[in-house]
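In: Generate coordinates for the sequence data below:
(one chain, ligands or ions: 2)
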Amino acid sequence: MTEAAFQLSGIVQTFPGVRALDGADLMVRPGEVHGLVGENGAGKSTIIKVLAGVYQPAEGRIEVGGSTISPATPEKIRDAGVRFIHQELHLVPYFTVAESVFMGQEISGPFGLCKREMRSRAEAFLREELGSELPGNRLIRDLSPAERKLVQVARALVDGAAKVVVFDEPTAPLASEEVLKIMTAIAKLKTRGIAILYVSHYLNEIVDICDRVTVFRQGKNVAIFDEITTDTGPALVSAMIGRDLDAFFPTSSRSAGEVALRLEHFDDGQAFSDVNLDIRRGEIFGIAGLIGSGREELIDALYGLRKSQGTLTLDGATVDTKTAAKAVANGMVLVPRDRRHDGLVLPMTVAENATLATLDENATFGLIDRGKARQVTEALIKDLDIRPSNAQAVTRFLSGGNQQKVVLARWLAKSAKVFIFDEPTVGVDVGAKAEIYQLIENLASEGAIILISSSDPVELVGTCDRVAVMMRGDVRTIIEKQDLNVDHLVAVTTGATSVSETEHAS
Ligand SMILES: Nc1ncnc2c1ncn2[C@@H]1O[C@H](COP(=O)(O)OP(=O)(O)OP(=O)(O)O)[C@@H](O)[C@H]1O
Ligand SMILES: [Mg+2]
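Out: Residues are numbered from 1 along each chain as shown. Ligands and ions are numbered 1, 2, ... in the order given. Prediction:
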């Protein structure tokens, strides 16, 4: 058995009223990709912060490369060769790739900064170690999300001293085609004997790339999988949630009504042109498309975040989408993709955040009906399994995924004719995903019109009645329910199958 690259044993970390880690163990070997999975709030981010020296745990031991580090401070951990690829990006948009890679570790000579050397070393590192041909003079703001992630990785590793690399949900903001770039980079690190800890809610990625997986539940490691096969997925899920998940996607006996929402000639003069869609009452309609397909920009235009031409009609009446506020006033609810930044008031309680959008519905003559607001919040906390299940908890202290659920709760509590969901389940664990899909299904059964924009083909196939596939700014095709399956959707979205081929086939 190989010696551990790092080992955390018996870690106890408490916050006021919460035992976030309750005697947790985690051991990762050199040259392995080790998955860390668990429900929202299980303690994954907390143990990473303990390893990083951000928190000083009440109990437990931290060893890196066979020596105990006590107390662990960020400097000592860095000196021991542990590097972190945090979920948030800390890159400056107008820096170049080379400047970003060497930010804080610039190379300088007698005549100042060695710009040319930094550029060639950044390019060489990206090419040789991460398998990416990114030019060193490109600006960060012109890069795709995956390319930015790669720059972040290069920055953490370019000094050549990394022995352990921790990735906290690196693929959450990426489209499926881009995930491959990160996977290639991880495979390269592994061949150099670097130990990798990989946190993700995408269990398919975990099964694909991990050699071993540790499962956390309620602050403890409850299972370690030493061998990963294609059958490991369901076993991981039951270990995570402590029970079998009977139905992931809801079954539906809905039948959609007449066309009620119509997009005509939507065009922003840049990312998409002449988009036309007819969506029925009670229908769940999906939009698929890679980064650059125009999907995200189209949704932004519907939210009033992006200027565009085009007419939106709801039940025959034109809807002004110039601003999100106007759209909401017209009976549309827009659930943004970047929920943690758009719309959470971190110092407020869960109840206050969850009822922000419905203040008017819970108020009579301007007075908020607190009893009603509390009822609504409590029902949503239960449905979405928000933890802690305390309406008075301060939102800042919830785990990342639970914060996502609070914002989702806010919008689900609103009565509206149209719900537009942008990446409804990013960062949310499997159990909660199933609940969210059921809530969406319920809204549709009650006659709402649902639009889901998603980079996850499994999600689209599992929930939607029809899916429009965008590519290079156009709607290339609309896949009907009977033809919807993951392989076909991925093939059409990535252009592996051209639409005309499929039309010939069917
Ligand atoms: N600074 C803090 N103050 C109070 N409670 C905290 C703090 N940080 C985390 N917690 C609590 O500790 C528990 C573990 O949170 P953690 O962020 O580690 O979860 P996680 O496994 O990363 O979940 P997710 O998948 O949602 O990101 C949660 O109950 C959370 O509310
Ligand atoms: Mg987390």
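In: Tell me the pLDDT of residue 392.
Out: Per-residue confidence at residue 392 stands at 88 (pLDDT).
In: where does the stretch 351-500 of the chain come near ligand 1, residue by residue?
Out: 387, 397-402, 429 (Cβ under 6 Å from any ligand atom). From N, CA and C alone the C-beta is placed, and that goes for glycine too.
In: Show me which residues of the chain are close to ligand 2?
Out: By Cβ under 5 Å from the ion, the residues of the chain that approach ligand 2 are 45, 400.
In: Drop anything exposed from the residues of the stretch 351-500 of the chain next to ligand 1.
Out: Buried members of these, scored by 16 or more other Cβ atoms under 10 Å, are 387, 398-402, 429.
In: Narrow those to those in strands?
Out: Using DSSP state E, the subset of those located in strands is empty.
In: Closest to ligand 2 out of these?
Out: residue 400 (4.2 Å; Cβ to the ion).
In: Bridged to the nearest residue to residue 330 once chain neighbours are set aside, which residues?
Out: What sits nearest to residue 330 in space, not counting adjacent residues and going by Cβ to Cβ, 6 or more residues apart in numbering, is residue 319, at 4.5 Å. The partner list for residue 319 in beta bridges (DSSP bridges) reads residue 312.
In: what's the answer for residue 224, then?
Out: The partner list for residue 224 in beta bridges (DSSP bridges) reads residue 214.
In: re earlier: in contact with the residue nearest to residue 330: list those residues for me.
Out: Each residue near residue 319 by Cβ atoms under 8 Å, 6 or more residues apart in numbering is listed here: 312-313, 326-327, 330, 332.
In: So what touches stretch 146-157?
Out: So stretch 146-157 is contacted by 83-86, 89-91, 97, 100-103, 122, 125-126, 129-130, 132, 134, 140, 143, 162, 165, 170, 174-175, 178-179, 181-182, 185, 189, 291 (Cβ under 8 Å, 6+ apart).
In: Can you list which of those residues are found in helices?
Out: 97, 100-101, 122, 125-126, 129-130, 178-179, 181-182, 185, 189 (DSSP state H).
In: ranges for the strands of the stretch 301-450 of the chain?
Out: 309-314, 317-319, 332-335, 363-364, 367-368, 418-422, 449-453 (DSSP state E, counting those that start in this stretch).
In: how about the CA coordinates for the last one, as CSV?
Out: Presented in CSV, the C-alpha positions along strand 449-453 are these (Å, rounded to 0.1, in the frame of the first residue of the first chain):
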residue,chain,number,x,y,z
ILE,A,449,-45.2,27.2,-18.8
ILE,A,450,-41.7,26.1,-18.0
LEU,A,451,-38.5,26.9,-19.9
ILE,A,452,-35.3,25.2,-18.7
SER,A,453,-31.9,26.3,-20.1
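In: which helices and strands does the helix or strand immediately after that strand in the chain pack with?
Out: Using DSSP states H and E, the helix or strand that follows strand 449-453 in sequence is helix 457-463. When contacts are defined as 3 or more Cβ pairs under 8 Å, 6 or more residues apart in numbering; DSSP states H and E, helix 457-463 sits against strand 284-288, helix 430-445, strand 449-453, helix 486-494.
In: now these in JSON lines, with mean neighbour count and mean pLDDT?
Out: Output for these, formatted as JSON lines (neighbours: other Cβ atoms under 10 Å; pLDDT from 0 to 100):
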{"stretch": "strand 284-288", "mean neighbour count": "27", "mean pLDDT": "97"}
{"stretch": "helix 430-445", "mean neighbour count": "20", "mean pLDDT": "88"}
{"stretch": "strand 449-453", "mean neighbour count": "25", "mean pLDDT": "95"}
{"stretch": "helix 486-494", "mean neighbour count": "18", "mean pLDDT": "84"}
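In: which of the residues in stretch 71-88 are buried?
Out: 72, 77-78, 80-87.
In: Go ahead and confirm residue 52 touches residue 73.
Out: No. Using Cβ atoms under 8 Å, residue 52 and residue 73 do not qualify as a contacting pair, with a distance of 9.6 Å.
In: circling back to that earlier point, Throw the buried ones among the residues of the stretch 351-500 of the chain next to ligand 1 into JSON lines and include distance to residue 255 and pLDDT, thanks.
Out: Converted to JSON lines, these look like this (distance: Cβ to Cβ, whole Å; pLDDT from 0 to 100):
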{"residue": "387", "distance to residue 255": "36", "pLDDT": "86"}
{"residue": "398", "distance to residue 255": "38", "pLDDT": "86"}
{"residue": "399", "distance to residue 255": "39", "pLDDT": "82"}
{"residue": "400", "distance to residue 255": "38", "pLDDT": "78"}
{"residue": "401", "distance to residue 255": "34", "pLDDT": "80"}
{"residue": "402", "distance to residue 255": "35", "pLDDT": "85"}
{"residue": "429", "distance to residue 255": "32", "pLDDT": "84"}
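In: Farthest pair within the residues you listed?
Out: Greatest spacing in these, by Cβ to Cβ: 398 and 429 (13.1 Å).
In: So the residue of the chain found nearest ligand 2 versus residue 170, what's the distance?
Out: Scanning the chain for the residue nearest ligand 2 gives residue 45, at 3.2 Å (criterion: Cβ to the ion). Using Cβ to Cβ, to the nearest Å, one gets 13 Å for the distance from residue 45 to residue 170.
In: the more surrounded of these two?
Out: residue 170 (25 against 19; other Cβ atoms under 10 Å).
In: shouldn't that one be in contact with residue 85?
Out: Yes. If you go by Cβ under 8 Å, residue 170 and residue 85 touch, sitting 5.8 Å apart.
In: avg pLDDT for stretch 256-275?
Out: 93.
In: so residue 55 touches residue 46, yeah?
Out: Yes. Using Cβ under 8 Å, residue 55 is in contact with residue 46, at 7.0 Å.
In: so who does the residue lying farthest from the centre of the chain touch?
Out: Ranked by distance from the centre of the chain (Cα atoms, centre = their mean), the top residue is residue 110, with 44.9 Å. Not one residue lies near residue 110 by Cβ under 8 Å, 6+ apart.
In: Kindly report the same for residue 37.
Out: 44, 199-201, 203, 206, 213-216, 236, 240.
In: For ligand 1, what is the nearest residue in the chain?
Out: residue 401 (2.7 Å; Cβ to the nearest ligand atom).
In: so what's that residue closest to, chain neighbours aside?
Out: Nearest-residue entry for residue 401: residue 40, 2.9 Å, with adjacent residues in sequence omitted and distances by Cβ to Cβ, 6+ apart.
In: circling back to that earlier point, so which of the buried residues of stretch 71-88 are in strands?
Out: 82-85.
In: Farthest-apart pair in those residues, please.
Out: Every pair of these checked by Cβ to Cβ; the farthest is 82 and 85, at 11.5 Å.
In: Now for the two: what residues contact both?
Out: 165-166.
In: Let me see the ranges of the helices in the stretch 251-400 of the chain.
Out: 295-302, 324-329, 350-354, 370-384, 400-412 (DSSP state H, counting those that start in this stretch).
In: Next up, phi/psi of the closest residue to residue 280 other than its chain neighbours, please.
Out: Nearest residue to residue 280, sequence neighbours excluded (Cβ to Cβ, 6+ apart): residue 256, at 3.9 Å. Reported as degrees, to the nearest 10, the phi and psi values for residue 256 are phi -70, psi 150.
In: ok, residue 48 - contacts?
Out: 84, 166, 168, 197, 199.
In: Compare these and tell me which has the most neighbours.
Out: residue 197 (26 neighbours).
In: can you tell me which two in the buried residues of stretch 71-88 are farthest apart?
Out: So, the buried residues of stretch 71-88 by Cβ to Cβ: farthest apart are 80 and 87, at 22.2 Å.
In: Dump the strands of the stretch 301-450 of the chain to a markdown table, plus distance to residue 7.
Out: As requested, these are exported to a markdown table (distance: least, Cβ to Cβ, whole Å):
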| stretch | distance to residue 7 |
| --- | --- |
| strand 309-314 | 56 |
| strand 317-319 | 58 |
| strand 332-335 | 41 |
| strand 363-364 | 55 |
| strand 367-368 | 51 |
| strand 418-422 | 40 |
| strand 449-453 | 42 |
